[in-house]
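K.L.:
No letters, just coordinates:
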Ligand SMILES: Nc1ncnc2c1ncn2[C@@H]1O[C@H](COP(=O)(O)OP(=O)(O)OP(=O)(O)O)[C@@H](O)[C@H]1O
């Protein structure tokens, strides 16, 4: 439904999107995850034909948005960060207005609008002026506004910005339902790791205009950590004087650990050892420690997840904002 090849956009000397290649299938929920300024909005604008592409190509529902932006707009619903509504019209009236602009017959429009208001949980508020809606209600009405057009693809730019945790959860559940029941393809941009992790089938990590990796969470971790996705933290205890076996030196223990199949690196800091490996080596490490004459004070196994990816790639940038 979305196919992008070597997509590039420059603003003067700045390359906002740098050779992006990506494809998103029908019914898939894809999360474009990246910090502020990564190029997410620019990518979305290019997909919608709202800004020019400098090089590369994009197809949305098989249509080139540069050549035929109107056809793309017919099939794609776009939910920007802040949706503009007529505040002195009710939720229902706003939706009927959108339906009219999209040439949907009046009877059909009302029936559909009511069904969608129900779906987004706003049926009880349908006659309230939108000016009196909360931020969460506006976002849900925004989604309803997009759905009235019966889109094949929904593109959302930071859709949960400003929502409280409950509102965010409900909104995300709604997105999943749309994709699962109606087969709608969803692309949404976010810099919130946890919401992306909760709902996306696939995630693209986007930093400084470049896609660093894409895939499901576990394949992302593998791509970004060069296959050494396991970390084992081991605490050793020097033996008590009277123990029969004299321990090997820590230098020897380090060498032995590095000989274990799959171990890529070890870091020794006094009695604390960190081992990076491509597979779970905890059983081998624990017996190695004991057989080398040490006691084992602790052993933690950890597999990289999106949190680690986030820490490595985004946290510094977000902290500086
Ligand atoms: N119209 C413009 N003119 C010049 N530079 C721009 C323009 N629009 C965006 N940029 C720059 O392009 C880069 C990418 O911006 P973009 O808005 O696409 O990022 P983003 O990932 O959507 O960020 P955010 O999460 O803050 O919305 C940024 O450095 C931004 O300053």
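P.N.:
Perfect, I can see it now. In this text, all values refer to a predicted model and were calculated from it rather than measured experimentally.
K.L.:
Any stretches of the chain with poor pLDDT?
P.N.:
Residue ranges of the chain with pLDDT under 70: 218, 221-228, 241-244, 304-321.
K.L.:
Can you pull the residues of it lying near the ligand?
P.N.:
11, 14, 16, 34, 36, 37, 38, 39, 40, 41, 42, 191 (Cβ under 6 Å from any ligand atom). The C-beta positions use only the backbone N, C-alpha and C, and glycine is treated the same way.
K.L.:
List only buried entries from the residues you listed.
P.N.:
Buried subset of those (neighbour count, 16 or more other Cβ atoms under 10 Å): 16, 34, 37, 38, 39, 40, 41, 42, 191.
K.L.:
Closest to residue 89 out of those residues?
P.N.:
Taking Cβ to Cβ as the measure, residue 41 is the one of those closest to residue 89, at 27.6 Å.
K.L.:
can I get the buried ones among the residues of the chain next to the ligand in CSV with secondary structure?
P.N.:
Putting these into CSV (DSSP: H, G, I helix; E, B strand; the rest coil) gives the following:
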residue, secondary structure
16, strand
34, coil
37, coil
38, coil
39, coil
40, helix
41, helix
42, helix
191, coil
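K.L.:
ok, so of those residues, who is nearest residue 134?
P.N.:
Closest approach between these and residue 134, by Cβ to Cβ: residue 191, at 22.6 Å.
K.L.:
how much space between the closest one and residue 46?
P.N.:
For residue 191, the distance to residue 46 (Cβ to Cβ, to the nearest Å) stands at 19 Å.
K.L.:
re the thing from before, I'd like the buried ones among the residues of the chain next to the ligand written out as CSV, with distance to residue 101 added.
P.N.:
Shown next, in CSV, are those (distance: Cβ to Cβ, whole Å):
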residue, distance to residue 101
16, 30
34, 32
37, 33
38, 32
39, 30
40, 27
41, 24
42, 26
191, 32
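K.L.:
And the residue in the stretch 151-300 of the chain that the ligand sits nearest to, how far from residue 30?
P.N.:
As assessed by Cβ to the nearest ligand atom, the ligand sits closest to residue 191 within the stretch 151-300 of the chain, at 5.5 Å. Distance, residue 191 to residue 30, by Cβ to Cβ: 15 Å.
K.L.:
in the longest helix that the chain contains, what counts as buried?
P.N.:
Longest helix of the chain, by residue count under DSSP state H: helix 165-182. Within helix 165-182, the residues that count as buried by 16+ other Cβ under 10 Å are 167, 168, 170, 171, 172, 174, 175, 178, 179.
K.L.:
And that helix, how far out from the chain middle?
P.N.:
Chain-centre distance of helix 165-182: 14 Å, with Cα atoms, centre = their mean, to the nearest Å.
K.L.:
who does the helix or strand harbouring residue 284 touch, helix- and strand-wise?
P.N.:
Here residue 284, judged by DSSP states H and E, is contained in helix 282-291. Of the remaining helices and strands, those touching helix 282-291 by 3 or more Cβ pairs under 8 Å, 6 or more residues apart in numbering; DSSP states H and E are strand 230-237, helix 250-259, strand 295-303.
K.L.:
For residue 274, list the residues it contacts.
P.N.:
Residues near residue 274 by Cβ atoms under 8 Å, 6 or more residues apart in numbering: 231, 232, 233, 234, 266, 267.
K.L.:
Now the buried members of those residues.
P.N.:
In the contacts of residue 274, the ones that pass as buried (16+ other Cβ under 10 Å) are 231, 232, 233, 234, 266.
K.L.:
which one of those residues sits closest to residue 143?
P.N.:
Out of the buried ones among the contacts of residue 274, the member with the shortest distance to residue 143 (by Cβ to Cβ) is residue 231, at 39.7 Å.
K.L.:
Check whether the closest one really touches residue 275, as I assumed.
P.N.:
Yes - between residue 231 and residue 275 a contact is recorded at 7.0 Å, counting by Cβ atoms under 8 Å.
K.L.:
Much appreciated, bye for now.
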